[in-house]
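> Got a predicted structure here, sequence first:
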Amino acid sequence: MGFQQEPSWIIQFKSNDTVMAYSPQKKKMQPFFLMFDHGDVYNFANEYFRIKKISKDSLVFQRLHLQKKEISKDIRSDVNITYYSENYLKNELKTTAAELQKPSKADTLYVQKLSARSNRNPQNLDSAFAGRQPVEFTPVSKLIKVKKITTVDPIMGRTQSYDYLFPYYRIDIDKSYKDFAYEFNVLVNANGKMYLTSFANVLPEYREARKKSLEAIISVYLQNLLRVTPGKTLGIPHSSEIKLVVQGKKSNN
């Protein structure tokens, strides 16, 4: 269904081949070479962009997702960014970049609409969407530990946004009924309830048994030993899908 992209891009053209871009991680402007790739595609700040429109007051870029040097022809490359000149913001729009970056009333109403749809269909993956604030797990027992795993990989084209688009968690359980290690996906609804959505690496004849085992792990361990805060966008809770690696260790006593 989509996702909210954090509007944190601020750029300044310092010369014909240098762009200053704001880094949300380092919270400062950093210089990058502006490199022409081909056609109307350019690269700077480790990202690829297509220039769609240029005027004296604004630029419209299309942020492109590449995989093995090929532009992805799907929603990952369907992100458009409009930049306004500082003079236009100040003298024409009478506002600031910080104000324009804030969610509008239309943004809030749209997310509320999507959230209501996902809440009406809490087990329907088609109604879920990535939360700008991903699911959070808080252990309520010393028997369980949770770690959120980053999947950022510039070489593979995985930017910082992957950590909230595709949340990934490692969960370790002590004193489980047996030793096990499974990787699977769950849908977390707006109330924090988890539903198994997919899993792999199992022969067809054992698939139903594996499904029952994973559902039992979710209901017995995860739902009871963790406080689950659902994913949110603009502070609005909604259904979202996450990936889990769950490892259980049986007590030696």
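It's in.
> Give me the residue ranges of the protein where confidence is low.
1-8, 25, 75, 154-159, 253 (pLDDT under 70).
> quick check: domain ranges of it?
Residue ranges for the domains of the chain, per automatic domain parsing: 11-101, 124-250.
> Switch the ones you listed over to a markdown table; also include distance to Lys113 and mean neighbour count.
To be clear about C-beta, it is placed using only N, CA and C from the backbone, and glycine gets the same treatment. A markdown table is the format used below for these (distance: least, C-beta to C-beta, whole Å; neighbours: other C-beta atoms under 10 Å):
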| stretch | distance to Lys113 | mean neighbour count |
| --- | --- | --- |
| domain 11-101 | 19 | 13 |
| domain 124-250 | 10 | 16 |
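> now those in JSON lines, with distance to Gln112?
Shown next, in JSON lines, are those (distance: least, C-beta to C-beta, whole Å):
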{"stretch": "domain 11-101", "distance to Gln112": "20"}
{"stretch": "domain 124-250", "distance to Gln112": "6"}
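> of all the ones you listed, which lies closest to Ser118?
domain 124-250 (4.0 Å; C-beta to C-beta).
> Endpoint to endpoint, the closest one covers what distance?
Start and end residues of domain 124-250 are separated by 34 Å (C-alpha to C-alpha, to the nearest Å).
> Stretch 30-39 now?
End-to-end for stretch 30-39, by C-alpha to C-alpha: 26 Å.
> Same check on stretch 97-105?
First-to-last residue span, stretch 97-105, C-alpha to C-alpha: 17 Å.
> Likewise for stretch 97-115?
28 Å.
> now for the domains of the chain, which one comes closest to Thr108?
Within the domains of the chain, the stretch nearest Thr108 is domain 124-250; the backing value is 5.7 Å (C-beta to C-beta).
> which other helices and strands contact the longest helix belonging to the chain?
Across the chain, the longest stretch assigned as helix under DSSP state H is helix 105-120. Helix 105-120 sits against strand 232-233, strand 236-237, with contacts defined as 3 or more C-beta pairs under 8 Å, 6 or more residues apart in numbering; DSSP states H and E.
> now for the domains of the chain, which one comes closest to Leu109?
Nearest of these (C-beta to C-beta): domain 124-250, 10.2 Å.
> Listing partners with orientation, what would you give for the longest strand seen in the chain?
Counting by DSSP state E, the longest strand found in the chain is strand 240-250. Here strand 240-250 is paired, per DSSP bridges, with strand 168-176 (parallel), strand 180-188 (antiparallel).
> Adding distance to Val146, write those strands out as JSON lines.
As requested, the strands paired with strand 240-250 are exported to JSON lines (distance: least, C-beta to C-beta, whole Å):
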{"stretch": "strand 168-176", "distance to Val146": "5"}
{"stretch": "strand 180-188", "distance to Val146": "13"}
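> mind listing the helices for this protein?
86-91, 97-101, 105-120, 162-165, 207-216, 223-225.
> how about those helices in JSON lines, adding distance to Tyr48?
Below are the helices of the chain laid out as JSON lines (distance: least, C-beta to C-beta, whole Å):
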{"stretch": "helix 86-91", "distance to Tyr48": "25"}
{"stretch": "helix 97-101", "distance to Tyr48": "22"}
{"stretch": "helix 105-120", "distance to Tyr48": "26"}
{"stretch": "helix 162-165", "distance to Tyr48": "16"}
{"stretch": "helix 207-216", "distance to Tyr48": "38"}
{"stretch": "helix 223-225", "distance to Tyr48": "42"}
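> Quick check: which of those helices is nearest to Gly231?
helix 162-165 (8.4 Å).
> what's the offset of the closest one from the middle of its chain?
Distance of helix 162-165 from the chain centroid (C-alpha atoms, centre = their mean, to the nearest Å) equals 2 Å.
> For the helices and strands packed on helix 105-120, give me TSV that also has distance to Leu109.
Shown next, in TSV, are these (distance: least, C-beta to C-beta, whole Å):
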stretch	distance to Leu109
strand 232-233	12
strand 236-237	10
